[in-house]
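Undergrad: This is a predicted model, with the sequence first.
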Amino acid sequence: MSTLTNILAAGLVALAPSITYAAEDAWVADFDQAVELAKAEGKDLLVDFTGSDWCGWCIKLHEEVFQHDEFLTPAQKDFVLVALDFPNSEEVKAKVPNPERNDELQEKYGIRGFPTCLLMNTDGVVFGRMGYQEGGPEKYVADMREATTKGKQLLVELERLQADYDVAKDKGPVLGRAIAMLADMGSESPGISIVAGMATEALALDPENRAGLKLSAIKALLSAGQANDDVMTEARGMDADNAQGLLEQVVEAQFGKVRDDASAKAAITEIQALMDLGRYHEAGTVKRMAAMAAMWSEGPLGDHDQAVALATRANGIDAELDEGLQGMLDGLLEQE
């Protein structure tokens with residue numbers, strides 16, 4: 001969960017109880033001490049970014065998974081468990097051993113939502129990312145193991161890709177492999193910044209898209225949430241009328257970057273312009289973005305008239321929404 005969605009959901013956890021780490025010896029609160037311990041024991045690290053006295057999902061994760069021996073016993077065989085806390089109350093803050101270091105790590109790893117659990121080696125290289133999920137401790141351990149296997153395999157593939165790139169005289173084929181890999185990655189996949197960097201290089205290698213590298217690179221960067229402003233400008237220039245669906249991807253990427261009122265307003269302008277074109281490749285995606293824009297307008301932005309207009313346009317798109325979002329749209333329109 002991220003962006004303004006977190007703002008809208010914040011009230012749901014305001015009255016949450018706090019986490020009490022009954023098995024305090026199982027969790028290390030200082031990251032650098034945990035790294036040294038992991039090195040000494042030949043283990044990896046599970047780093048839980050948590051808000052112990054305010055984050056409802058963090059508390060659920062602890063109560064349902066992290067405090068149970070069915071999790072602790074198998075997890076500690078391979079991982080040093082690290083709890084980096086970001087509490088609200090002064091009493092709990094006083095118990096955090098190195099809050100400035102926690103802030104540095106939050107910035108370094110791009111943590112925007114809580115809880116976020118990173119699986120990493122002692123060099124700080126992340127090979128897996130998890131959060132709250134249902135199913136209890138046994139399922140969580142199984143998913144950790146699966147994420148570890150897949151993540152470490154991906155890191156090996158990335159090392160091979162980088163080695164091939166370093167020695168290749170013709171970079172095109174290697175960049176093509178990087179683009180294909182990026183297209184299958186999520187925005188939080190291990191090593192994604194390395195692959196995205198290679199894909200971005202393809203734009204300069206094939207500026208006229210004669211080899212098809214530029215177009216495929218832009219599509220992959222957009223779908224993986226790795227497109228910078230220059231890439232998004234290139235995409236707009238290549239597909240101003242959304243004939244190839246690039247403009248649609250640009251708007252979706254813009255929505256993924258919403259962090260405050262200003263970026264929300266910019267995203268709303270983008271979705272309005274896209275709907276004005278009336279040409280969609282994924283109508284469901286466009287409808288979802290229009291619905292989100294309506295909710296942002298009604299909520300944080302406080303523009304009811306705009307919210308109603310966006311909700312009306314969203315409902316006019318022939319596609320289905322998830323039940324919750326559709327219900328909010330219907331509720332908004334019923335006020336009229």
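TA: Yep, that arrived.

Undergrad: so the closest residue to V126 other than its chain neighbours bridges to which residues?
TA: Counting by C-beta to C-beta, 6 or more residues apart in numbering, V126 lies nearest to M120, which is 4.7 Å off, once chain neighbours are set aside. Backbone N, C-alpha and C define where each C-beta goes, glycine included. Beta bridges link M120 to L45, V126, judged by DSSP bridges.

Undergrad: and M120, how many neighbours does it have?
TA: When neighbours are defined as other C-beta atoms under 10 Å, M120 has 22 of them.

Undergrad: cool, and V82?
TA: Neighbours of V82 using other C-beta under 10 Å come to 24.

Undergrad: Could you verify that it is part of a helix?
TA: No: if the criterion is DSSP: H, G, I helix; E, B strand; the rest coil, then V82 is strand and not within a helix.

Undergrad: Specify the beta-bridge partners of it.
TA: With DSSP bridges as the criterion, V82 is bridged to V28, V47.

Undergrad: who touches it in this structure?
TA: Contacts here follow C-beta atoms under 8 Å, 6 or more residues apart in numbering; on that basis V82 touches 27-29, 31, 34, 45-48.

Undergrad: Got the confidence number for the residue nearest to V126?
TA: At M120, the pLDDT value in this model is 97.

Undergrad: From what I see, it and M130 are in contact.
TA: No: between M120 and M130 there is no contact under C-beta atoms under 8 Å: 11.8 Å.

Undergrad: Run the chain-centre distance for stretch 249-257.
TA: 13 Å (C-alpha atoms, centre = their mean, to the nearest Å).

Undergrad: Need the mean per-residue confidence for that stretch.
TA: Stretch 249-257 carries an average pLDDT of 91.

Undergrad: Do me a favour and get the backbone dihedrals for P190.
TA: Main-chain dihedrals, P190, degrees, to the nearest 10: phi -60, psi 140.

Undergrad: Also S189?
TA: The phi/psi pair for S189 (degrees, to the nearest 10) is phi -70, psi 150.

Undergrad: Enumerate every residue touching it.
TA: Neighbours of S189 in contact, by C-beta under 8 Å, 6+ apart: 154, 224.

Undergrad: could you check the distance from it over to L155?
TA: For S189, the distance to L155 equals 10 Å [C-beta to C-beta, to the nearest Å].
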